[in-house]
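Undergrad: got a predicted model here, sequence first, then my questions.
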Amino acid sequence: MGITINDTITLDSGLSTSTGYGSFFKSSIYVEKEITDGAVPADMNASTITESGNVVIRANGHLWASKAARDGNKSIIRVDNIQTIVTLSSFVSTSIYTLLYDAWKQQYSSVSDAI
């Protein structure tokens, strides 16, 4: 699973690609819950505690020159730091990878899903 980036990506070295492939392959994913409004029942024996808030998700997206480069175990050409903040309800109802890829795709103008 990954994304194909059709934008021209120019590296510091001057090399560029317009067939970049991005993936969270072997990336650590960090999740932090930020409670913005917690309601604790007066009776601490109650079975439910309601809370709402946001979840911050962070991961490093690895970028290869192409999907063929990734499949050929070539070196990554860049690492993009991806962060997204979603509601707690979105976090529990949506795949964490969907949330991360959606955030990453917003950084480019021409991106498609790659399987």
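TA: Looks like it came in fine. Numbering: from 1, shown residues only.
Undergrad: burial count for residue 87?
TA: Counted with other CB atoms under 10 Å, residues neighbouring residue 87 total 13. No exception for glycine: its C-beta is placed from N, CA and C like everyone else's.
Undergrad: hmm, it is touching residue 57, no?
TA: No: shown here, residue 87 and residue 57 do not form a contact pair, counting by CB atoms under 8 Å, at 11.8 Å.
Undergrad: scan the protein for its longest helix.
TA: Scanning the chain for the helix with the most residues, using DSSP state H, yields helix 96-105.
Undergrad: quick one: the helices in the chain, in order.
TA: Along the chain, counting by DSSP H, helices occupy 67-71, 88-93, 96-105.
Undergrad: thinking again about what came up before, residues of the longest helix of the chain that come out buried?
TA: Counting neighbours by 16 or more other CB atoms under 10 Å, one finds that the buried residues in helix 96-105 are 96, 99-101, 103-105.
Undergrad: could the helices of the chain go into CSV alongside distance to residue 1 and mean pLDDT?
TA: CSV is the format used below for the helices of the chain (distance: least, CB to CB, whole Å; pLDDT from 0 to 100):
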stretch, distance to residue 1, mean pLDDT
helix 67-71, 11, 94
helix 88-93, 19, 84
helix 96-105, 7, 95
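Undergrad: so which of those comes closest to residue 23?
TA: Counting by CB to CB, residue 23 lies closest to helix 67-71 out of these; the figure is 6.5 Å.
Undergrad: which other helices and strands does that closest one contact?
TA: Helices and strands in packing contact with helix 67-71 are listed as strand 2-5, strand 20-23; criterion 3 or more CB pairs under 8 Å, 6 or more residues apart in numbering; DSSP states H and E.
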